[in-house]
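J.: Below are the sequence and a predicted model for it; my questions follow.
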Amino acid sequence: MDNQKLIEQAYQAFNNREIDILLQMMHPDVKWPKAWEGDYAYGHDEVKAYWQRQWKEINPKVTPMDFVERTNGTIAVQVDQLVKDLDGNVLFDGKVKHVYTIEDGLIQQMDIEQY
């Protein structure tokens with residue numbers, strides 16, 4: 001599977017709240033930003049626990065719009081991100097840049113950059 005397809009499928013699994021499917025796309029030692037809490041989650045167990053906490057408080061939906069492979073091998077993805085509270089009130093609606101490191105066909109790391 002190519003990297004763009006992997007990332008697209010990861011967003012689809014995230015938006016569908018299919019944690020176990022999404023974790024299969026990630027390296028066992030994945031480093032994932034805890035944007036909602038700060039710092040990073042390391043490994044499948046921490047990432048899963050982070051998302052479970054997050055989804056009890058907010059309802060994010062993330063749609064990839066543009067992919068750019070950088071010279072260092074990372075992939076920058078411009079996403080439209082819509083975050084609502086559990087009552088449906090919009091907390092954030094805008095563009096965000098996610099930067100992925102792929103290793104051995106799995107997501108090794110994701111970082112968030114500002115525009």
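T.: Thanks, I have it.
J.: The residue of the chain most remote from its centre: what secondary structure?
T.: The outermost residue of the chain relative to its centre, with distances by CA atoms, centre = their mean, is residue 87 at 22.7 Å. At residue 87 the chain is in coil, as set by DSSP: H, G, I helix; E, B strand; the rest coil.
J.: Could you report the pLDDT at it?
T.: At residue 87, the model reports a pLDDT of 97.
J.: Against residue 36, how distant is it?
T.: 17 Å (CB to CB, to the nearest Å). C-beta coordinates here come from the backbone N, C-alpha and C atoms, glycine included.
J.: and if you look at residue 57?
T.: For residue 57, the distance to residue 36 (CB to CB) stands at 8 Å.
J.: More neighbours: which of these two?
T.: residue 36 (14 against 11; other CB atoms under 10 Å).
J.: if you skip the residues just before and after it, what's nearest to that one?
T.: Leaving aside its sequence neighbours, residue 36 sits nearest to residue 54 (CB to CB, 6 or more residues apart in numbering; 5.1 Å).
J.: hang on, that neighbour in a helix?
T.: Yes - counting by three-state DSSP, residue 54 is located in a helix.
J.: That's all I had, so thanks and see you.
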